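Enquirer: Just the structure for this:
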Amino acid sequence: MSSPALENMLYKDYILMRTLNSSKKLFLITKKNKENDEANNKELNDNNINMYALKVLNFDTKELTRVNHEINIMKKISCENIVKFIDSFTYLGTFNVVFEYCQGGDLRNLINYYISIY
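Expert: Below you'll find the model as predicted:
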């Protein structure tokens, strides 16, 4: 997954759009569907399709129970102030979690921004 040419790469049932962080563990994705297949010749961008965030985790069997427990909790949570869980799956030796995509960035970036201006 460390290849620089990740745009439009197929990853299970998703299309990787771009990397969201420098560690190459968080990606902007869209769900692969008939519209995307037909739009193969058109440019896919944030404005014309539903976007999600994909977090790629190293597959660690010791952590699997804890991760599954957290995912079961996330599936039950429905709150406008908490990022929505979409999907999880194992693929190519990694554990992957799909979340709703928040364009403004993560909470850490927001906190650091406000610390820097005050």
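Enquirer: for the protein, what spans make up the helices?
Expert: Here the chain has its helices, by DSSP state H, at 34-38, 64-76, 107-117.
Enquirer: Going by neighbour count, which residues of the longest one are buried?
Expert: Buried positions in helix 64-76, judged by neighbour count with 16 or more other C-beta atoms under 10 Å: Met74. (Each C-beta comes from the backbone N, C-alpha and C, glycine too.)
Enquirer: For it, name the packing helices and strands.
Expert: strand 85-91, strand 94-100 (3 or more C-beta pairs under 8 Å, 6 or more residues apart in numbering; DSSP states H and E).
Enquirer: The helices of the chain: which one's closest to Met51?
Expert: helix 34-38 (11.9 Å; C-beta to C-beta).
Enquirer: which stretches of the protein have low pLDDT?
Expert: Within the chain, the ranges that satisfy pLDDT under 70 run 1-9, 34-48.
Enquirer: could you redo the last one with a cut-off of 50?
Expert: 1-5, 39-42, 46 (pLDDT under 50).
Enquirer: Bridged to Leu10, which residues?
Expert: Beta-bridge partners for Leu10, by DSSP bridges, are Ile15.
Enquirer: My error: substitute Leu57 in the last question.
Expert: For Leu57, the beta-bridge partners under DSSP bridges are Phe95.
Enquirer: Include distance to Phe95 when you put the helices of the chain into a markdown table, please.
Expert: A markdown table is the format used below for the helices of the chain (distance: least, C-beta to C-beta, whole Å):
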| stretch | distance to Phe95 |
| --- | --- |
| helix 34-38 | 24 |
| helix 64-76 | 6 |
| helix 107-117 | 22 |
